[in-house]
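[1] The sequence isn't on hand, but the structure is:
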């Protein structure tokens, strides 16, 4: 008895969860960074690189054909800190690499890897 169909379904479910979670996390990071930038007189200078990378990561991941079209969940931004964003970017990067490993579609794999690249750059910009 082969378990290939069940294994493939588990992989697909995990992959979909990773993609949706990463998309929501990137959208959240983008909103928080934009809010931080708007609060400071020179905020767009201080947060510009991070905001750009968050936006690019989000856009890159949106290119994944397997991504569900649902709008990202709206998160509360009042408790966010630069340290929390740094940790979030690292988590997203790792999740996207895992998702790329699970992706069956080459376009999904490419979208995940491009988004992971920008998430890594976002993390560096938040240091």
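    Perfect, I can see it now. Small disclaimer: the values here were computed from a predicted structure and weren't measured.
[2] Chain neighbours aside, what residue packs nearest to residue 112?
    Leaving aside its sequence neighbours, residue 112 sits nearest to residue 100 (C-beta to C-beta, 6 or more residues apart in numbering; 3.9 Å). C-betas here are computed from N, CA, C, even on glycine.
[3] Give me the pLDDT for that neighbour.
    Per-residue confidence (pLDDT) for residue 100: 96.
[4] ok, now the one 4 residues further on?
    On pLDDT, residue 104 comes in at 93.
[5] Could you count how many residues lie near it?
    Neighbours of residue 104 under the rule other C-beta atoms under 10 Å: 11.
[6] That one in helix, strand or coil?
    What DSSP: H, G, I helix; E, B strand; the rest coil gives for residue 104 is coil.
[7] Same question for the one 3 residues further on.
    Following three-state DSSP, the label given to residue 107 is helix.
[8] now for the top helix by length along the chain, which elements pack on it?
    Secondary structure of the chain read by DSSP state H shows that its longest helix is helix 4-39. Contact analysis of helix 4-39 by 3 or more C-beta pairs under 8 Å, 6 or more residues apart in numbering; DSSP states H and E lists helix 43-62, helix 82-102, helix 106-125 as its packing neighbours.
[9] by how many degrees do the last one and helix 82-102 diverge?
    Read that as helix 106-125. Using axes from the mean of the first three to the mean of the last three C-alpha atoms, to 10 degrees, the direction of helix 106-125 lies 160 degrees away from that of helix 82-102.
[10] before we move on, back to that, so can I have TSV of the helices and strands packed on helix 4-39 showing distance to residue 13?
    Shown next, in TSV, are the helices and strands packed on helix 4-39 (distance: least, C-beta to C-beta, whole Å):
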stretch	distance to residue 13
helix 43-62	18
helix 82-102	10
helix 106-125	14
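[11] Compare the ones you listed and give me the one nearest residue 35.
    With C-beta to C-beta as the criterion, residue 35 lies closest to helix 43-62 of the helices and strands packed on helix 4-39, at 9.2 Å.
[12] on that earlier part again, and the residue nearest to residue 112, what does it touch?
    Residue 100 is in contact with 108-109, 112-113, 116, counting by C-beta atoms under 8 Å, 6 or more residues apart in numbering.
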